[in-house]
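> One predicted model, sequence on top.
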Amino acid sequence: MYKTTTCRFIGILLVWAGSGISQTKMPPSIEDSKSEPIKYTGKINTDKKFYDGKLPHAVGVHHYQAFRANRSNPADPGLTGWTYNHQPYLAYWNGKFFLQFLSGLIQEHTPPTRVLIVTSEDGRNWNDPVVAFPPYALPEIIDDGEIVPAGTFSVMHQRMGWYVAPNGKLLTLGFYGYCATPRRSPNAGNGIGRVVREVNRDGTFGPIYFIRYNRHAGWNEENTSYPYYKESNDQEFLEACEALLADKLISLQWWEEDRGKDGFYIMDPSQVPGGDVFTKKSTTAAGAGKAFNFYHRPDGAIVGVWKNQFSALSGDGGKTWTDISKNTTLWTTGAKTWAQRTEDNRYAVIHNQSATKRNRFPMAVLVGEDGHEYDRLFCLRGEISPRRYFGIHKNPGVQYFRGIIEGNGDPPGNEMWNIYSSNKEDIWVSRTHVPIMASVTKEVSQDFNQIKNIGDLALWNIYISKWAPITLALEKNDQFLRLIDEEPYDYALVERIFPKGTKKEISFRFRAPNLPQGTSAQIDVQDQQGNRALCLRIDKEWLSFDVEKVSLDPIGIDPKEWHTVILKIDCTKGIYQPVIDGKVVHDEILLASEMQDVERIVFRTGPYRGYVPAEVAEQGVGKQSGFLTEDLPAADVKAPLIEFHIDDLITKGE
């Protein structure tokens, strides 16, 4: 594990020199790239009518739900669940993943708020949350001439969650802010200050301290509830805090909430064209300085990345910077942008490459070779479930992507790990195959018998929520994939990309031993843009061929028994032939769309939902925002159980 960002970069250079991995191509000089430090040069972009943007899907992306919001049956202690959950941060330390996120009772910028932590040994299975920073009650204050009574709660807001210190200590951090109404900003420099505590190796926490006060806003040792960090008698903890305070690149993540003018920060993003200039009553602005992260290019230059298309370059380790510039080819939405070097010495930028200014989908990744130009654009997640709980500022979609910032650990393997929130209520983790790619050259032959766990399915795309798990099951010495679904507003999904072809034969076995009346399991074959060539629908007693142009009778099946399906697809003729249990049930069925080729098969425990509703596609968040929706009914209780089994997937091409 690299202890500091400088050591981490030196370590990467040593890996290049000793591992035989070829170095990525060199970017243009800082002078030649400073006007647009991150530049997308690809030829495709997103389609606002589809949740995945009709982008090519990256191969081997696993999504795991780490926390599911629940108003009446919460996973954490308490009588009422907190359904605003957002701003997650990730670290890998002591052989575990540590995930921290902000949790509010109902909505953004509304007290009480707190910070929760969940942990995992494998990144797939996450424990129930524990409270790291509880709600903070303010003393009586004067805000714009009005008395705010004692006991009013602070509003938490932070852009940094973790720090692995050079001495091996793990620190977790939060920020106690203040805003009088949800339309005010707790990150405008008027909050109380930043708090810190140690995470011990046994999972317990040390005491909470303030590590930096917003002294310019009137907060200090005399009017706050937690002591200043220097009062600690733990010398190793003090050493870790001092190292953090001295790391000016890492602490630049703090600027947004702090905005101090005391010389602590190495730059002031508000003093650049387009920078945030806040007043006491300001709302969140779309300027520079928000949600900072960074990575190193092959030439050693640091690329600093902020929200709202902004970035800058540093050639001296973060001491000085070029002017902050806008990356005009990034179609950002006001949500966070994450950028990093991947294990294959390429670069990835993850954000909502959206065709509208407000929609926070799809989860997209730009891929490039030199940390400057990015020529590939893929979808990492196009599955957007409905927002279950009311709340203002709860933008629909997947958003606020983060990975493990340089210095905060390196999990085993080559995968890229990221975290994000869905609809600002659920917290998810993604694991992406590296190298990041959107196609494969080898046909599929998957019987699951040699697989030890779901994580071994490296080239499958997998979507697992808390109430819709996907596991391996063993019966009569045969192992198969089992999809379970008790989620009332979501489903379980697996997808396998295969070599694209105009003529394809796809075979598999399925069984659906539990399908409550009115539910179905479904199977799609699609091309790279998500156009659906065909859909098979499995009901309680029937297998149906879902086509738009003709009406076909379903065939009777026993869903508790295994059935073998062979699909013979010919895109040149626009037809396919289904063979069920060795019998041709229809000679020729027209493909649902005109297709040049097919490239992936999708198994789901629910109906297709790739189309974006018109009011959302055309008008940003539309009717799903603000006061125009209610909580979805029965969102807190499990639905009748669906069970769907898959085995022996084989593809062949001519």
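Done, it's in.

> Please, where are all the helices along this structure?
5-19, 30-33, 235-246, 255-258, 614-619 (DSSP state H).

> Return the member of the ones you listed having the minimum mean pLDDT.
Per-stretch mean pLDDT for the helices of the chain is lowest at helix 5-19 (a mean of 42).

> could you pull out the strands for the stretch 451-600 of the chain?
Ranges of strands in the stretch 451-600 of the chain, per DSSP state E, counting those that start in this stretch, are 460-464, 470-475, 478-485, 493-501, 503-514, 521-526, 532-538, 542-545, 555-556, 563-570, 575-580, 583-584, 589-590, 598-604.

> Please dump these into TSV; it should also carry mean neighbour count and distance to Gly161 for every row.
All C-beta spots, glycine's among them, are computed from the backbone N, C-alpha and C. Listed next are those as TSV, based on neighbours: other C-beta atoms under 10 Å; distance: least, C-beta to C-beta, whole Å:
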stretch	mean neighbour count	distance to Gly161
strand 460-464	23	23
strand 470-475	15	28
strand 478-485	21	32
strand 493-501	21	29
strand 503-514	20	40
strand 521-526	23	37
strand 532-538	21	40
strand 542-545	18	48
strand 555-556	12	53
strand 563-570	18	46
strand 575-580	19	49
strand 583-584	10	57
strand 589-590	18	52
strand 598-604	24	33
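
> is it possible to export the ones you listed to TSV including mean pLDDT and distance to Phe292?
Conversion of the strands of the stretch 451-600 of the chain to TSV gives the following (pLDDT from 0 to 100; distance: least, C-beta to C-beta, whole Å):
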stretch	mean pLDDT	distance to Phe292
strand 460-464	98	30
strand 470-475	98	36
strand 478-485	98	39
strand 493-501	98	34
strand 503-514	97	46
strand 521-526	97	38
strand 532-538	95	41
strand 542-545	92	52
strand 555-556	94	58
strand 563-570	98	48
strand 575-580	96	51
strand 583-584	96	61
strand 589-590	92	53
strand 598-604	98	36
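
> how about the ones you listed in CSV, adding distance to Lys394?
Converted to CSV, the strands of the stretch 451-600 of the chain look like this (distance: least, C-beta to C-beta, whole Å):
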stretch, distance to Lys394
strand 460-464, 21
strand 470-475, 27
strand 478-485, 24
strand 493-501, 23
strand 503-514, 33
strand 521-526, 29
strand 532-538, 30
strand 542-545, 36
strand 555-556, 44
strand 563-570, 40
strand 575-580, 42
strand 583-584, 50
strand 589-590, 42
strand 598-604, 25
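
> Those strands: which one's closest to Ile266?
strand 460-464 (40.8 Å; C-beta to C-beta).

> out of the strands of the stretch 451-600 of the chain, nearest to Pro88?
The nearest among these, by C-beta to C-beta, is strand 460-464 at 17.0 Å.

> Adjacent strands (with direction) for that closest one?
When pairing is defined by DSSP bridges, strand 460-464 lines up against strand 61-67 (parallel), strand 493-501 (antiparallel).

> Take the ones you listed and lay them out in CSV including distance to Ala458.
Conversion of the strands paired with strand 460-464 to CSV gives the following (distance: least, C-beta to C-beta, whole Å):
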stretch, distance to Ala458
strand 61-67, 9
strand 493-501, 11
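
> between these, which gets nearest to Gly317?
strand 61-67 (33.2 Å).

> Report the rounded mean pLDDT for the closest one.
98.

> And stretch 175-190, by the same measure?
Mean predicted confidence for stretch 175-190 is 88.

> tell me, how many neighbours does the residue lying closest to Ser225 once chain neighbours are set aside end up with?
Distance criterion C-beta to C-beta, 6 or more residues apart in numbering; nearest residue to Ser225, sequence neighbours excluded, is Tyr136 at 6.8 Å. If you count neighbours by other C-beta atoms under 10 Å, Tyr136 ends up with 23.

> Make sure Tyr136 is actually in contact with His157.
No - look at Tyr136 against His157 with C-beta atoms under 8 Å: they stay out of range, at 11.9 Å.
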